[in-house]
Structures are given as C-alpha cells and as structure tokens.
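[1] please work out how this folds:
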Amino acid sequence: AETCFREAADPSVVFFAPDDAFYLFPSVSGGYWRSTDLVDWSFIPSQVLPTEDYAPDVRVLKDGSAIYFTASRHPPDHCPIFKSATPKDGNAWEKVSEPMPYWDPNMFQDDDGKIYVFHGCTYKRS
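    Numbering: from 1, shown residues only. Presented below is the predicted three-dimensional model:
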C-alpha cells in the first residue's frame, strides 16, 4: 500500500546539480521527493529532518555543495537549520544552527557568503 499525506502544502523545490535532480519539500509530509525529470518522483522518508513542521524553505548555496533546509515552528521552539551534501539519503542531514522561532522562513545568501533567514509572520497580537 502506498503512503498518502494529506497536507503537503507550501512546497519548496530546488535543483541540486551534484545529483542532477530536483528535490521537493512540502509541509507536514514525513519526508520529501526527488525527481530527475519533474515527472516521476520518488519519496524519501527522513527521521532526521523536521518534516512534520510547516512552510519549509530549502536552498542550494552559491558553491552548490549542499542543500540547506529549515521550516516553521511555534515559539518557544527554535527552528533548526540542516544541511546535506547527499540528500538522496533522507537521514544524511546535519543540524548546523537553531537560531530562533519563526514562521514562513526564506533563506538568503549574501555576496559575502553570510546566510540570513527572513521570516514573514509575527506571533504578537494587538
């Protein structure tokens, strides 16, 4: 029987040149998908990534050597950032940072190589 995921919203897709493949990371999915042609996709489960979190953002940095992943979490939990040079293996991810809680993240690498996370929601209510 095939596994079905009800959520899979907020997808983030990147092309990772070392694998010559696309990777798709949606919300609340138990893993992510890989494709070499954008037609046929293989599911990759992960026990390492927080694939049950919402609104993931995924980036390949300028040197192209790794994929970086983060996703939204409610405070007080901080959002971890992971990286992998071998994303074909769902458990080959290492945590590199856990800066703060945020929602709807967007990672950005500046010209000087520094990585920033922009996030679009606030938890404060008026």
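[2] how close does the residue sitting nearest the centre point of the chain get to V28?
    For the chain, the residue nearest the mean C-alpha position is F69 (3.2 Å; Cα atoms, centre = their mean). For F69, the distance to V28 equals 14 Å [Cβ to Cβ, to the nearest Å]. The C-beta positions use only the backbone N, C-alpha and C, and glycine is treated the same way.
[3] what sits against the spatially closest residue to D104 that is not a sequence neighbour?
    Spatial nearest neighbour of D104, excluding adjacent residues (Cβ to Cβ, 6 or more residues apart in numbering): G120 at 4.1 Å. By Cβ atoms under 8 Å, 6 or more residues apart in numbering, the contact set of G120 is W103, D104, N106.
[4] who wins for most neighbours among the residues you listed?
    Counting neighbours by other Cβ atoms under 10 Å, W103 leads the contacts of G120 with 17 neighbours.
[5] quick one, what contacts that one?
    Counted by Cβ under 8 Å, 6+ apart, W103 has contacts Y54, A55, S72, R73, H74, H119, G120, C121, Y123.
[6] still on that earlier bit, any chance of the contacts of G120 in JSON lines, plus secondary structure?
    Output for the contacts of G120, formatted as JSON lines (DSSP: H, G, I helix; E, B strand; the rest coil):
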{"residue": "W103", "secondary structure": "coil"}
{"residue": "D104", "secondary structure": "coil"}
{"residue": "N106", "secondary structure": "strand"}
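[7] that concludes my questions; thank you for your assistance.
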